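>>> Quick one, what's the 3D model for this:
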Amino acid sequence: MKAKLGMSPIAWWNDDLVELSDDVSLEECLRQSRSAGFTGMEMGRRFPQDPKLMLPILKAADVTLCGGWFSGTLVDESLESNQTRIKPMIELFKAVNAPCIVYGEMGRSIQGDRSKPLATKPKLSASEMRAYGKKLSAFSDWVHAQGMPLTYHHHMAAVVETEPELDLFMENSTIPLLFDAGHMAFAGGDVMRTIDKHHKRITHVHVKDVRLDVIKKLDRAKQSFLDAVALGAFTVPGDGSLDFGAIVNKFADYGYEGWFVVEAEQDPKKNPPLKMAQVGYTELMRVMTAAGYTVETQGFPNA
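Below is the predicted model of the structure:
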């Protein structure tokens, strides 16, 4: 079985918490992650939006663009408005041969609002979830027809956060799933059981680790998702509480092949991104080799 290892630039620059951002260039971010061993990087705010500008940067770094977040609003807004907003991203991702676009629901979400406690996260009724799932399926089908796969990211502080919410969403949709171990653990779900239930739809994986001691101390009636991030709720595999040996084995058992992406936002001053990248890569290589994966070492195609 083959797998690819990527990172998210959120370890270097955090779009929601400026204080958790290192003042490093895109080129330096790519250089550090590649030196740690990662061959892919998801898109962040410092990436150019023109493929003629992006491709030479990726080639020079020997890195593939391995995905990127689209801030969707389908829970409240129309298919047409979201189609209009995502069209440039589809064309960009096709031009740089990215594997997928990651759909993150921002409608009603409190994930970027530090004034909103975790306990006030939005909730959908069963009928609302059915309608939402149908809408996401139609959107996913349309994006795929444009030549770019779409995958859905369940997320803390959003309308699909908990294990039961994800189960209901999956039951009422056909969109592929991005599975994020850290977000599911933070939400109180069973990581292994969730993979068992939804493995047939998982097309992209975020290997985010968590510090459960930090999460357990949170006052969810008073503290927000961003408060949790600032306190260090997330980290890389090998530095947190989750058993990625068991998680990766589970994916191997189901024959998953594709990207495993480290997305671990935390304070770069307390947890230097290069050091964290090295820790995450070392741990992932250990558990993936043990699970029978061959990790691809080529970055940019024909670099």
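>>> drop to CA atoms for contacts and neighbour counts, all remaining ones
Will do.
>>> In contact with the residue nearest to Phe234 when sequence neighbours are not counted: list those residues for me.
In space, and not counting its chain neighbours, Phe234 is closest to Val210: 4.4 Å by Cα to Cα, 6 or more residues apart in numbering. By Cα atoms under 8 Å, 6 or more residues apart in numbering, the contact set of Val210 is 182, 185-186, 233-236, 240-242.
>>> pLDDT score for Val210?
As predicted, Val210 sits at a pLDDT of 98.
>>> Torsion angles phi and psi at it?
With angles defined as degrees, to the nearest 10, Val210 sits at phi -130, psi 150.
>>> Show me which of the contacts of Val210 is closest to Val75.
Using Cα to Cα, Phe186 comes nearest to Val75 of the contacts of Val210, at 22.6 Å.
>>> Tell me how many other residues surround the closest one.
22 (other Cα atoms under 10 Å).
>>> Next, work out how far apart it and Glu163 are.
11 Å (Cα to Cα, to the nearest Å).
>>> Could you do Leu55 as well?
Distance check for Leu55 against Glu163: by Cα to Cα, it reads 38 Å.
>>> Return the member of the contacts of Val210 nearest to Arg31.
Of these, the one sitting nearest to Arg31 (Cα to Cα) turns out to be Val236, at 18.3 Å.
>>> For that closest one, grab the count of nearby residues.
For Val236, using other Cα under 10 Å, the count is 29.
>>> Might you report the residue contacts of it?
207-210, 262-264, 276-277, 279-280.
>>> Tell me the most packed of these, by neighbour count.
Val262 leads those on contacts (other Cα under 10 Å) with 31 neighbours.
>>> Now that one: phi and psi?
Phi and psi for Val262, reported as degrees, to the nearest 10, are phi -80, psi 120.
>>> so what's it bridging to?
Here Val262 sits in beta bridges with Met7, as judged by DSSP bridges.
>>> Could you check how far it is from Val159?
From Val262 to Val159 the distance is 23 Å (Cα to Cα).
>>> Over to Arg85?
From Arg85 over to Val159 (counting by Cα to Cα), the distance is 21 Å.
>>> higher neighbour count, the two?
More crowded of Arg85 and Val159, by other Cα under 10 Å: Val159, with 24 against 13.
>>> isn't the more buried one right up against Ile110?
No - contact criterion Cα atoms under 8 Å: Val159 and Ile110 do not qualify, at 9.4 Å.
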